[in-house]
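[1] fold the following.
(chains A and B)
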Amino acid sequence: MHRWSKLFIPTLREAPADAEVASHQILLRAGYIRQLGAGIYSYLPLATRSLNKITAIVRTEMDRIGQEFFLPALHPREVWEESGRWTGMGENMFRLKDRKGADLCLGMTHEEIMTSIARNEIRSYKQLPQIWYQIQTKFRDEPRPKSGLLRVRQFTMKDSYSFDIDEAGLDESYNKHDAAYRAIFTRCGLEFVAVDADSGAMGGSQSQEFMVYTEAGEDWIASARDDAGNVVYAANIEKATSTLGPVTELEPTGDGMPELIYTPGKGAIADICEFLGMQPYNDIKCVAYMGQIPGPDGTVVEKPVIAFLRGDHQVNETKLAGAANCNELRTMQPEELQKYLSGPAGFLGPVGLTVLPVEALNVNRGFFPKGAGLDKLKGVSGELLAFIKDERASTVVVDLGLVNRKNLVAGANKLDYHFRNVTPGRDFQWTVAADIRNVTAGEPDPVTGLPLRLGKAVEIGHIFKLGYKYSQSMGSRFLDKNGKEQTPIMGSYGIGVERILTSAIEQSSAKVGKNDRGEFSYVLPRTIAPYEVVVTVTKQSDAALAEAGEKFAADLEAAGWDVLLDDRNDSAGVKFKDADLIGVPYRVTVGKRLVEGFVEVVDRLKGTTEEVAVAEVVNMLGALR
RNA sequence: CGGGGAGUGGCUCAGCCUGGUAGAGCACCUGGUUCGGGACCAGGGGGUCGGAGGUUCGAAUCCUCUCUCCCCGACCA
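    Reported below is the predicted structural model:
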């Protein structure tokens, strides 16, 4: 039992002005955390208790499938050089030097460290599979920490790594994590959805994110539920697709071949549609980018990436970057539009471009040196080299929504002119055709056709089939049954521990709303609240009440409850407000009706208050658990 | 990194435009009265106004530089 009068729970009457999102205000006001710097927080006793409960749940579920480690947070440069991520991680990695001048970094993830252990110790297929996890501090120099504990530079992560003999083994490890994660988040009282996620530049084959819908989130996800409320489809916006409805094609004009038409001042899609009396889906939208990958010594290498999609669709840059085999995209400047498309914005189109063949994407990811360096390229046929030497050669990506269409209208790469009768495949070619558009709310999901719901969400976990990237590059090998050398296949899995707490608060706050003073209000699930029940003595100076409070607290503790006894010499009002503020789900109020043999039991999760006979309190609360 | 905002006692803020002895509420300490939804009275402690430089007889206030924090964007296995 803990007595509030002896504890350090510095609640605030007013929220600090810096805090905007609900969980940030609440954590500050309730005395859970204090800020030390941007994205750096001290966890006070309440937060520590809650986070300890969360990690205990994580630990018991993870111990069912794996073994716990504790790895260093301080890493020598060399191990990151081996995987190629010393440069690959860029600015997000905290770096420092030791007294000898050797480079070190603070761990933002631990693939390299775990793989180095596996490399040194795993020799035989008999030692596989392995699932290794840890709960540890991660450091990431985020460009913009924000929203309290939601996006920080130092946080706690449960990260695990699986090593398997083959893909079937990886599937199993992955599925075990999927089940463990669902158990963990359920036990933590969260309503979550598992969504298909973008595997990114990591080259993994499958990836799922566990998301909690909340306005404070930074990711967008699309999901659909059936009538029973079951999630039938869910995906990150970077991955989500939808079924396209039928469209009415325009009738061809003239000989049916592309026809140049004068469209003065009709650069915007809405304008050209009105001008020609057609729908936006009859138009081809062009978005021109420069694709980027990191070059040597922190430089950036660029190539033109030109995307075409339906006039009523929006480009998704993550999908596009994946399709174009580059890391990042920036929009072209006017002089670049002139160079690669020879037209001005508003009148750009696919006809007449120099299109890089798809094979080129496999050579240096489609990024080529200029001038003399070209002749040193290996494995490039003469035909391909001719394309590459054309400085205008661009990676052209066409959205799947345009394939098999006909008689479309597109910019003619000439000011105030468009083409009509443009038919993809006949009148222009592309490097790749891919899904590069954003889905929009209400479109039918690709599985069952139910309307998609779009919403913001916080990512609380991520499971990811890594493949051979780290085991290969870092030289981890084992001998299989036949004595043949093999590379273990890996998976990587993460849970943001603090995000479980913050998203639980956000989720509850969204339901509970604000209190009578206009402040964010919430209740924590019993499993992760810093205390499960608070015994509030309304008048501590009344010896009978104080004594009864002690007894209730002791009895509840004996019954297995995590009890906080509010024995402070404050008014009842202050105690009620504070009890609400720290988010404890159950309260036993020992007050004026004690003389009649009753106390009050408040279930804040259900929002109910009951007068309960003194002898029944422990049983009654026991039934609630 | 681009755009916007803010730094004055522990917290929320006023004062700045128009330079002239640093304020309020809450919190804190002491005493008393209260005691079921953030009580009241009396007394008291606490701030070189983010930092540096400048203008001035005089700077929280005007000027220059700088640091930090927040928000939007960019960015983000």
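
[2] near RNA strand B, which residues of the stretch 1-150 of chain A?
    A:11-18, A:20-21, A:24, A:29, A:35, A:37-39, A:92, A:108-111, A:138, A:142-147 (C-beta under 7 Å from any atom of the strand). To be clear about C-beta, it is placed using only N, CA and C from the backbone, and glycine gets the same treatment.

[3] just the buried members of these?
    A:15, A:21, A:24, A:29, A:35, A:39, A:108-111, A:138, A:145, A:147 (16 or more other C-beta atoms under 10 Å).

[4] which of these sits closest to RNA strand B?
    Checking these against RNA strand B by C-beta to the nearest atom of the strand gives A:Thr109 as the nearest, at 2.1 Å.

[5] skipping its backbone neighbours, what lies nearest the closest residue to RNA strand B within the stretch 451-600 of chain A in space?
    Distances between the stretch 451-600 of chain A and RNA strand B by C-beta to the nearest atom of the strand are smallest at A:Gly591, namely 1.9 Å. Among residues not flanking A:Gly591 along the chain, A:Thr538 sits closest, at 3.8 Å (C-beta to C-beta, 6 or more residues apart in numbering).

[6] go on, A:Leu71?
    A:Ile113 (4.9 Å).

[7] one more: A:Ser242?
    Using C-beta to C-beta, 6+ apart, the closest residue to A:Ser242 is A:Glu443 (3.8 Å).

[8] likewise for A:Tyr161?
    A:Met114 (4.4 Å).

[9] tell me who's in contact with the one you found.
    By C-beta atoms under 8 Å, 6 or more residues apart in numbering, the residues touching A:Met114 are A:69, A:71, A:132, A:161.

[10] please name the bridge partners of the nearest residue to the first one once chain neighbours are set aside.
    Translated: A:Phe69. Spatial nearest neighbour of A:Phe69, excluding adjacent residues (C-beta to C-beta, 6+ apart): A:Gln134 at 4.5 Å. Listed beta-bridge partners, A:Gln134: A:Phe69, A:Asp159 (assigned using DSSP bridges).

[11] isn't A:Gln134 right next to A:Gln67, touching?
    No - A:Gln134 lies out of contact with A:Gln67 (C-beta atoms under 8 Å); the separation is 9.7 Å.

[12] those two: which has the busier surroundings?
    More crowded of A:Gln134 and A:Gln67, by other C-beta atoms under 10 Å: A:Gln134, with 19 against 12.

[13] how about the more buried one, what does it touch?
    A:68-71, A:110, A:158-160.

[14] if we use 10 Å, what do you get?
    By C-beta atoms under 10 Å, 6 or more residues apart in numbering, A:Gln134 lies in contact with A:62, A:66-71, A:110, A:113-114, A:157-161.

[15] make a PyMOL selection of whichever of those residues turn out to be buried.
    In PyMOL syntax, the buried subset of those is picked out as below (16+ other C-beta under 10 Å):
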select buried, chain A and resi 62+66+69+71+110+113+114+157+158+159+160+161
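
[16] now intersect the buried ones among the residues of the stretch 1-150 of chain A next to RNA strand B with the strands, please.
    Judged by DSSP state E, the subset of those located in strands is A:35, A:138.

[17] out of the buried ones among the residues of the stretch 1-150 of chain A next to RNA strand B, what pair is the most spread apart?
    A:Ala15 and A:Glu111 (38.9 Å; C-beta to C-beta).

[18] could you find the closest non-adjacent residue to A:Ser476?
    A:Arg119 (3.9 Å).

[19] the one you found: what secondary structure?
    Reducing the assignment at A:Arg119 to three states with DSSP: H, G, I helix; E, B strand; the rest coil gives helix.

[20] these two touch, right, it and A:Glu111?
    No - judged on C-beta atoms under 10 Å, A:Arg119 makes no contact with A:Glu111 at a distance of 11.8 Å.

[21] joint contacts of the two?
    A:470-471, A:474.

[22] among the residues you listed, who's most crowded?
    Taking other C-beta under 10 Å as the neighbour criterion, A:Tyr470 ranks highest of these with 27 neighbours.

[23] find the nearest non-adjacent residue to that residue, please.
    Leaving aside its sequence neighbours, A:Tyr470 sits nearest to A:Thr115 (C-beta to C-beta, 6+ apart; 4.4 Å).

[24] wait, is the one you found part of a strand?
    No - A:Thr115 is assigned helix when assessed by three-state DSSP, not a strand.

[25] how near is it to A:Pro76?
    14 Å (C-beta to C-beta, to the nearest Å).

[26] so which of those two has more stuff around it?
    Between A:Thr115 and A:Pro76, counted using other C-beta under 10 Å, A:Thr115 has the larger neighbour count: 27 against 13.

[27] pretty sure the more buried one is touching A:Ser83, no?
    Yes - using C-beta under 10 Å, A:Thr115 makes contact with A:Ser83 at a distance of 7.5 Å.

[28] which parts of the stretch 301-450 of chain A sit against RNA strand B?
    Checking the stretch 301-450 of chain A against RNA strand B by C-beta under 7 Å from any atom of the strand, the hits are A:317, A:327-330.

[29] how about 10 Å then?
    Neighbours of RNA strand B within the stretch 301-450 of chain A, by C-beta under 10 Å from any atom of the strand: A:317-318, A:321, A:327-331.

[30] just the buried ones from the residues you listed?
    Counted by 16+ other C-beta under 10 Å, these give A:317-318, A:321, A:327, A:329 as buried.

[31] where's the dip in pLDDT among these?
    Least confident entry in these, by pLDDT: A:Asn327, with 81.

[32] where does chain A dip in pLDDT?
    A:198-204, A:296-298, A:370-379 (pLDDT under 70).

[33] domain map for it?
    A:14-241+A:452-505, A:259-434, A:533-624 (automatic domain parsing).

[34] which parts of the stretch 401-550 of chain A are helices?
    Ranges of helices in the stretch 401-550 of chain A, per DSSP state H, counting those that start in this stretch, are A:469-473, A:497-512, A:543-558.

[35] just checking, what packs against the second one?
    Counting contacts by 3 or more C-beta pairs under 10 Å, 6 or more residues apart in numbering; DSSP states H and E, the secondary-structure elements packed against helix A:497-512 are helix A:22-29, strand A:40-43, helix A:45-63, strand A:130-139, strand A:154-164, helix A:167-187, strand A:207-213, strand A:453-467.

[36] write down the beta-bridge partners of the residue most central in space within chain A, one by one.
    Geometric centre of chain A, nearest residue: A:Glu459, 4.0 Å, by C-alpha atoms, centre = their mean. A:Glu459 has the following beta-bridge partners by DSSP bridges: A:Met211.

[37] wait, it sits on A:Tyr213?
    No - between A:Glu459 and A:Tyr213 there is no contact under C-beta under 10 Å: 11.5 Å.

[38] identify the contacts common to these two.
    With C-beta under 10 Å, 6+ apart as the test, A:Glu459 and A:Tyr213 both reach A:221, A:503.

[39] A:Glu391 is in contact with A:Thr354, isn't it?
    Yes - counting by C-beta under 10 Å, A:Glu391 does reach A:Thr354; the two are 8.7 Å apart.

[40] any shared contact partners between those two?
    A:304, A:340.

[41] how about the contacts made by A:Gly265?
    A:271-272, A:275, A:346, A:415-416.

[42] at 7 Å what do you get?
    A:Asp416 (C-beta atoms under 7 Å, 6 or more residues apart in numbering).

[43] is it fair to say it lies in a helix?
    No - using three-state DSSP, the assignment for A:Gly265 is coil, not a helix.

[44] next, work out how far apart it and RNA strand B are.
    According to C-beta to the nearest atom of the strand, to the nearest Å, A:Gly265 and RNA strand B sit 28 Å apart.
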